[in-house]
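Asker: Got a predicted model here, sequence first, then my questions.
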Amino acid sequence: MSGERRARGFTLIELLVVMTIIGVLLTIAVPRYFRTVERSKETVLRRDLSVLRESIDRYFGDLGQYPDALQALVDKHYIRGVPVDPFTKSAETWVVTASEDPDHPGVRDIHSGSPNSGSDGSPFVSW
């Protein structure tokens, strides 16, 4: 071992190549990840709206009137709790549509309070 030295560690070029490969992989993976997160939020929103609308219909079918507020669905055990809007992250931002029938006042329909639009371009308020 006289005069011979063993090199230890990585060269700058090797590190730059690895960093470039990681960067390319991240530019491919990160946008897909965020699209997947948005789609999952949309799926949760659609399901929550379906459950709430079905509960409103059952409430009307059983009691002959619409609930005064979403909390009435919880109080009468039609749902366990008012779900959180996945986009606004609050259970208080739901936009309720009142019944136009003077004989049956109350909450007739519900929409998301988010100003965003879905992947199909339609605003969440119209879902």
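Answerer: On my side now, so go ahead.
Asker: Could I get the full set of helices for this protein?
Answerer: For the chain, the helices defined by DSSP state H cover 12-63, 70-75.
Asker: Comparing those helices, which comes out most buried?
Answerer: helix 70-75 (a mean of 17; mean count of other Cβ atoms under 10 Å). Bear in mind the C-beta positions are built from the backbone N, C-alpha and C, glycine included.
Asker: I'd say residue 74 and residue 67 touch.
Answerer: No - the pair residue 74 / residue 67 is not scored as a contact, 9.5 Å apart, by Cβ atoms under 8 Å.
Asker: what's residue 98 in contact with, if anything?
Answerer: 105-108 (Cβ atoms under 8 Å, 6 or more residues apart in numbering).
Asker: Next one: residue 110 from residue 29, what distance?
Answerer: Distance, residue 110 to residue 29, using Cβ to Cβ, to the nearest Å: 36 Å.
Asker: Name the nearest residue to the spatially most central residue of the chain, ignoring sequence neighbours.
Answerer: Taking Cα atoms, centre = their mean as the criterion, residue 41 is the residue nearest the geometric centre of the chain, at 2.3 Å. Counting by Cβ to Cβ, 6 or more residues apart in numbering, residue 41 lies nearest to residue 86, which is 4.2 Å off, once chain neighbours are set aside.
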